[in-house]
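**Q** Starting from these lines, generate the structure:
(chains A, B, C and D)
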Number of protein chains: 2
Amino acid sequence: MITEHGRAGVEGKDLRKAGLKVTLPRLKILEILEGNATRHFSAEDIYRTLLESNEDIGLATVYRVLTQFEAAGLVKRHYFEEGTAVFELHQGPHHDHIVCLDCGWVEEFVEPEIEKRQTVVAGRLGFTIRHHSLILYGHCQRANCPHRRRS
Amino acid sequence: MITEHGRAGVEGKDLRKAGLKVTLPRLKILEILEGNATRHFSAEDIYRTLLESNEDIGLATVYRVLTQFEAAGLVKRHYFEEGTAVFELHQGPHHDHIVCLDCGWVEEFVEPEIEKRQTVVAGRLGFTIRHHSLILYGHCQRANCPHRRRS
DNA sequence: CTAGTTGCAAATCATTTGCACTTGC
DNA sequence: GCAAGTGCAAATGATTTGCAACTAG
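**A** Predicted coordinates:
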């Protein structure tokens, strides 16, 4: 169950393990989340992709499934600055994100020193960290990125 | 114009400087934002406080004013995980936040090494950073914090 | 069989907008 | 006086929920 991307794929058995029935909508949504180029989707993104594949799955189901996946730990939900939640398959180690303000492209990264310092800071302030959200916003250099100006 | 908190207060002249008329709603909202204990508010928080002070100011105005303040650089808008935006007077140097999952208490902190590493990471990935959002979520140790259990 | 799922429409929540009525300068 | 500002109600956009019909196990 190692996919061609070198990532462990998620499938039926994982759903069952999470106490969820293996249904077509769930499998299709998982399939999309496994994504090729992109690994970060809004509910709307997924819904649109399903429509394009001529799947008859409602937007409400997409939301319900994603929320259940999140509860089961299969998916992570992020709140980037565009106001709509973004979902990502929760596999591999923890990482943070950098988002391109021009084209929406998302890169993942890990910086151990940053992680470490977060714990130190929290301790200094008398907090016990449960999780965190670090998102960098900037401009990427991808060829197809439209360098739109924004203030 | 140094307040008793040792922070430079924002007042009428700052509004004018931003090209905004000095009106009662704007002054009242500024006053709330200057806050004592708390410095982070949702639009609803501010609206509620206004009602308690028997001010006849609509929620729509609160949103409009906060958005204008943000555009003028007087206020910063944050997206914490509760789905509603949080506003903070934009004074003093940049800082990040740590939020208590139990009581919603917000602390600010600065960690130069983290800031520095962010720039390095961005460079490594070919991004130019415009801004970032680092929020730690955990449990504080304040006496009045209700240590509610969550998963 | 039957509890868990789904699609659809209606409901909710946060935030924005249209409009006629004020008010600062 | 008049453009800018405001209150209220209605509109919007994202997400959730009620419910009757439908399937996985």
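**Q** longest single strand anywhere in chain A?
**A** strand A:128-139 (DSSP state E).
**Q** Pull the residues that contact that strand.
**A** A:78-81, A:96-102, A:114, A:118-119, A:122, A:145, A:147, B:81, B:98, B:101, B:118, B:121-122, B:127-139 (C-beta atoms under 8 Å, 6 or more residues apart in numbering or on different chains). In short, each C-beta sits where N, CA and C put it, glycine included.
**Q** Pull out the buried residues from stretch A:71-80.
**A** The neighbour-count check on stretch A:71-80 (16 or more other C-beta atoms under 10 Å in any protein chain shown) flags A:74-76, A:79-80 as buried.
**Q** Which ones among these also lie next to DNA strand D?
**A** Counting by C-beta under 7 Å from any atom of the strand, nothing from these sits close to DNA strand D.
**Q** now the residue in chain A sticking out farthest from the centre, nearest residue through space, not along the chain?
**A** No residue in chain A sits farther from the centre than A:Arg124, which is 30.7 Å out by C-alpha atoms, centre = their mean. Once flanking residues are discounted, A:Arg124 sits nearest to B:Phe109: 7.9 Å by C-beta to C-beta, 6 or more residues apart in numbering or on different chains.
**Q** Compute the distance between the residue nearest to the spatial centre of chain A and chain B, please.
**A** When C-alpha atoms, centre = their mean is applied to chain A, the residue found nearest the centroid is A:Glu88 (1.7 Å). Using C-beta to the nearest C-beta, to the nearest Å, one gets 15 Å for the distance from A:Glu88 to chain B.
**Q** Secondary structure class of that residue, three-state.
**A** strand (DSSP: H, G, I helix; E, B strand; the rest coil).
**Q** what sits against the residue lying closest to A:Val75 once chain neighbours are set aside?
**A** Nearest non-adjacent residue to A:Val75, counting by C-beta to C-beta, 6+ apart: A:Phe69, 3.9 Å away. Applying C-beta under 8 Å, 6+ apart, we find A:Phe69 in contact with A:18, A:29-30, A:75, A:87.
**Q** just the residues you listed: which has the poorest pLDDT?
**A** Among the contacts of A:Phe69, A:Ala18 has the lowest pLDDT, at 94.
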